[in-house]
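Colleague: My questions concern the predicted model and sequence given below.
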Amino acid sequence: MIKKVLIANRGEIALRIIRTCHEMGLRTVAVYSTADRDALHVRFADEAVCIGPPPSRESYLRPDRIIAAVEVTGADAVHPGYGFLAENADFSAICEDHGVVFIGPKAGTISLMGNKSTAKETMRKAGVPVVPGSDGAVPDVRTGKKIADDIGYPVMVKASAGGGGRGMRIVREAGDFTRQFSAASAESEAAFGSGELYIEKYVDGPRHVEIQVFGDGKGHVVHFGERECSIQRRHQKLLEESPSPVVDADLRARMGAAAVLGAEAVQYAGAGTVEFLLDASGDFYFMEMNTRIQVEHPATEEVTGADLIELQIRIAMGEGIPEKEVPMTGHAIECRINAEDPFNDFRPSPGVVTAFHTPGGQGVRVDTHAYAGYAIPPYYDSMIAKLIVYARTRPLAIRKMMRALDEFVIEGVHTTIPFHRRLMEDPSFQAGEFTTAFLDTFDLTPAEAEA
Ligand code: MV4
């Protein structure tokens, strides 16, 4: 039985989790660094415990301090949110050792999926389509070269310990392989403590489409449809939507079935996301599995009507999952509002928010921890709000997003609002014609059209 949940996170996601807990009649405990003394998650939780100084390494990333907060408050479950310790297998195991429920998958699942090459091998063996490449990690550069020559160039070398675009390189020709492989391995060793790499065929101009899944931990998994996540910059997503403008009912059924197959193979427990690359010919390939609730989960909530945080908590309580997949209706778009200057290479723009007015009206949702007078600390990520709209169709959702962005007032810091406003006007975006390379050439300040 879960009665009191400690939220091992901050910002909008901590607030988001507190809200569902209170709706479920659960007590909540916030943890905070000294930089977050005046944060809303601290005010809205039933109790709050300070866990250290501003740097995450000394606060939100410290399992020992979070467990201490669990012990002094008597919390019986920990929700890790996203980022920080959410995909830390050791933390999941430490919680279990202390008799506190980790709201997420088992430590073994987190580490299996955390190693991107074992994750891919696991999925391939389960029958999930994967990009042709090495069977698991490559033992040395000479073996790697033979495999790459066999696959044919261009290939990608990826760090087993990487993920989310970290520790990967394109090798365009055989003559570059040895140099690139060695450099990638050394880089990965320095960054992650492991230089292990795997190789796959390079997929040109793909889209990033991911399937939301929930598992009961006993081999039963359901999917909640897809999210289109191709609008990203340097592997940071800026906008997500559900459904994807290019996924029809047939493709959804096939991608959903593949995601379910993979998650069932590992007896997945809780919320997970199976990421696919979708190529121009409509073929899709497993990329990675994220073992956490994601930033963009509200897009799925809007089109399914489900509360995904509630589902996570119910699974952790042993209540099981919905019998079958939940139908999707309408269209949802989420814009990430970051304290960054889109006209200056998206440079972080921390500081005091002097004015803050959120948009409203039917089909408009704002998940945020910001308020007028809030000082955005420089220590954490720059996302200060998610603006989510829901409408019957994609064109109506785009119109609603334009209107909501126009109503959103944030003063004192730069934000990504003007970027999103321009994106909504873009003909290719409106047509749903874009790949992960879209923002590489997106011009925020186009010259006025010639007369
Ligand atoms: C790829 C790829 C092309 N071919 N793998 C980047 C993040 C990680 N999840 C996988 N990534 C990619 N893997 C092969 N074989 C292109 C990307 C990629 C990408 C993927 C999803 C979203 C944005 C991206 C941006 C650049 C490259």
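Modeller: Everything's here; your move.

Colleague: Please count neighbours and contacts with C-alpha atoms only from this point.
Modeller: Noted.

Colleague: So which residues on the protein come close to the ligand?
Modeller: Residues of the chain lying close to the ligand (CA under 6 Å from any ligand atom) are 131, 156, 163-165, 200-204, 208, 230, 235, 287-288, 436.

Colleague: switch the cut-off to 8 Å
Modeller: 131, 155-156, 163-166, 168, 200-208, 229-235, 275-277, 287-288, 436-437 (CA under 8 Å from any ligand atom).

Colleague: buried subset of these?
Modeller: 131, 155-156, 163, 168, 200-203, 206-208, 229-232, 275-277, 287-288, 436-437 (16 or more other CA atoms under 10 Å).

Colleague: So what would you say the end-to-end distance of stretch 2-15 is?
Modeller: 19 Å (CA to CA, to the nearest Å).

Colleague: buried ones in it?
Modeller: Buried, per 16+ other CA under 10 Å, within stretch 2-15: 2, 4-15.

Colleague: how about low-confidence regions in the protein?
Modeller: 446-451 (pLDDT under 70).

Colleague: domains of this protein?
Modeller: Using automatic domain parsing, the domain parsing of the chain gives 4-103, 132-201, 207-450.

Colleague: Now do the second one: distance from first to last residue.
Modeller: End-to-end span of domain 132-201 (CA to CA): 6 Å.

Colleague: Mind checking which of the buried residues of stretch 2-15 land in helices?
Modeller: Of these, the ones assigned to helices by DSSP state H are 11-15.

Colleague: Can you give me the distance of Lys146 to Glu200?
Modeller: 12 Å.

Colleague: bridging residues for Lys386?
Modeller: Arg336, Asp367 (DSSP bridges).

Colleague: ok, it touching Val364?
Modeller: No - assessed by CA atoms under 8 Å, Lys386 is found out of contact with Val364, at 10.6 Å.

Colleague: Turn the ones in helices among the buried residues of stretch 2-15 into TSV, including distance to Pro55.
Modeller: Below are these laid out as TSV (distance: CA to CA, whole Å):
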residue	distance to Pro55
Gly11	15
Glu12	18
Ile13	18
Ala14	18
Leu15	20
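
Colleague: which one of these sits closest to the ligand?
Modeller: Lowest distance from the ligand to those (CA to the nearest ligand atom) belongs to Ile13, with 22.2 Å.

Colleague: about what we covered before: for the ones in helices among the buried residues of stretch 2-15, which one is nearest Ala93?
Modeller: Of all those, Ala93 sits closest to Ala14, with 21.5 Å by CA to CA.

Colleague: contacting residues for the closest one?
Modeller: 7-8, 30, 41, 81 (CA atoms under 8 Å, 6 or more residues apart in numbering).

Colleague: Do you have the strands of the stretch 51-200 of the chain handy? List them.
Modeller: Under the criterion DSSP state E, counting those that start in this stretch, the stretch 51-200 of the chain contains strands at 77-79, 101-102, 155-163, 166-171, 197-201.

Colleague: and the last one, what does it pack onto?
Modeller: With contacts defined as 3 or more CA pairs under 8 Å, 6 or more residues apart in numbering; DSSP states H and E, the secondary structure elements packing on strand 197-201 are helix 141-151, strand 155-163.

Colleague: Look through the stretch 351-451 of the chain and state the residue closest to the ligand.
Modeller: For the stretch 351-451 of the chain, CA to the nearest ligand atom, closest residue to the ligand: Thr436, 4.8 Å.

Colleague: so that residue makes contact with His208?
Modeller: Yes - assessed by CA under 8 Å, Thr436 is found in contact with His208 at 6.7 Å.

Colleague: For this protein, which segments are assigned as helices?
Modeller: 11-23, 40-44, 63-73, 89-97, 107-114, 116-126, 141-151, 177-192, 249-265, 297-304, 308-316, 394-407, 417-425, 427-431.

Colleague: now, of those helices, which is deepest in the fold?
Modeller: Across the helices of the chain, averaging neighbours per residue (mean count of other CA atoms under 10 Å) puts helix 297-304 on top, at a mean of 23.

Colleague: Return the residues in contact with Val364.
Modeller: Val364 neighbours (CA under 8 Å, 6+ apart): 387-390, 404.

Colleague: tell me the two of those that are most distant?
Modeller: Tyr390 and Ala404 (11.2 Å).

Colleague: Just give the number of residues close to Phe408.
Modeller: By other CA atoms under 10 Å, 16 other residues sit near Phe408.

Colleague: That one and Thr415, how far apart?
Modeller: Counting by CA to CA, the gap from Phe408 to Thr415 is 11 Å.

Colleague: Please apply the same query to Ile211.
Modeller: The gap separating Ile211 from Thr415 is 29 Å, by CA to CA.

Colleague: count of residues packed around Phe343?
Modeller: 14.

Colleague: now swap in Thr354 and tell me
Modeller: With other CA under 10 Å as criterion, Thr354 counts 14.

Colleague: For it, list the residues it contacts.
Modeller: Contacts of Thr354 (CA under 8 Å, 6+ apart): 372-374, 410-412.

Colleague: ok, Phe346 - contacts?
Modeller: Counted by CA under 8 Å, 6+ apart, Phe346 has contacts 340, 416.

Colleague: try it again with 7 Å
Modeller: Glu340 (CA atoms under 7 Å, 6 or more residues apart in numbering).

Colleague: just use 199 as the starting number from now, easier for me
Modeller: With the count now opening at 199, the last piece we talked about shows up as Phe544.

Colleague: what about it, distance to the ligand?
Modeller: Separation of Phe544 from the ligand (CA to the nearest ligand atom, to the nearest Å) stands at 17 Å.

Colleague: For Leu603, see how far away that residue is.
Modeller: Distance from Phe544 to Leu603, by CA to CA: 18 Å.

Colleague: what's the answer for Phe375, then?
Modeller: In terms of CA to CA, Phe375 sits 46 Å off from Leu603.

Colleague: quick one: Gly561 and Thr591 touch, right?
Modeller: No - the criterion here is CA atoms under 7 Å, and Gly561 misses it with Thr591 at 11.9 Å.
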